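Following is a predicted model, sequence given first.
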Amino acid sequence: MNNEILTITENRALTDSVYLMRLAGSRGENRPGQFSEFRLEGLFLRRPISVCDDEGGVLSIIYKTVGRGTEQMKFLKEGDTLDALTCLGNGYDLDAAGESPLLIGGGVGVPPLYMLAKELIKKGKKVSVILGFNTRSEIFFEDEFRALGCSVTVTTADGSYGARGFVTDALPETASYFYACGPKPMLAALCEKASFPGEVSLEERMGCGFGACMGCSIMTKGGAKRVCKDGPVFKKEELIW
């Protein structure tokens, strides 16, 4: 865990409710699947946000405006600073990928998969990506994944773009391994349907973000685990849905 003061260099809308923020001053030590916690004025608890990318001293995050914290974040401007705890959580296990890993993201579960895809491609893996959204207007980062060299499938629940249905409807029969992040119902359905091994990143309400308060504990087949410290990434066979 690092405590860093980061300076905003960009904060722009990707959709009506999803924003991309880039912050300079990062030590560049985040791993794919880790998250950061940001202190915001007037709010007691920091807000946890997954890391989309961390390269060249610039930390990139993507957030959705769903409450007081993220609503406040969208009004921050270039030059403003944020107090951040970075390098939190365990991150994805890149060594488990095999030769043809599949990355599956739903909504704002998509961002941490971008950095993961970059790192897997550097390792020479053939990366496929399934991105799931409710409707066309919610889609973001499709082009960015294609630019990395990923094979990309987009699904929309209403059929307004790409394949109609959910990410589970687009699952291939086989892949060497899967990595996923998204809403809990999506992850539960994915773990049930996928015949190949994989891991998922969970989201829970967090107090401290580094394992001290126990507020984000869940029950797994191996006993109680803290999502912020023991996770947020768990192997699919560990989880109780």
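Right, received. Where do you want to start?

Not counting its neighbours along the chain, what's nearest the most centrally placed residue in the chain?
The centroid of the chain falls nearest to Pro112 when counting by CA atoms, centre = their mean (3.1 Å). Nearest non-adjacent residue to Pro112, counting by CB to CB, 6 or more residues apart in numbering: Ser50, 4.2 Å away. Glycine gets a C-beta too; all of them are placed from N, C-alpha and C.

element containing that neighbour, please.
Here Ser50 is covered by strand 47-55, with elements defined by DSSP states H and E.

Buried residues in that strand, which are they?
47-54 (16 or more other CB atoms under 10 Å).

Relative to Phe141, which of the residues you listed is nearest.
Of all these, Cys52 has the smallest distance to Phe141: 8.3 Å, by CB to CB.

give the contact list for the closest one.
20, 60-62, 111-112, 114-115 (CB atoms under 8 Å, 6 or more residues apart in numbering).

per the record, what domains does this structure have?
As assigned by automatic domain parsing, the chain contains the domains 2-88, 94-201, 204-241.

Highest mean neighbour count out of those?
Of all these, domain 94-201 carries the top mean neighbour count, a mean of 19, counting by mean count of other CB atoms under 10 Å.

now the end-to-end length of that domain.
14 Å (CA to CA, to the nearest Å).

Check the offset of it from the chain's centre.
Computed by CA atoms, centre = their mean, to the nearest Å, the separation of domain 94-201 from the middle of its chain amounts to 11 Å.
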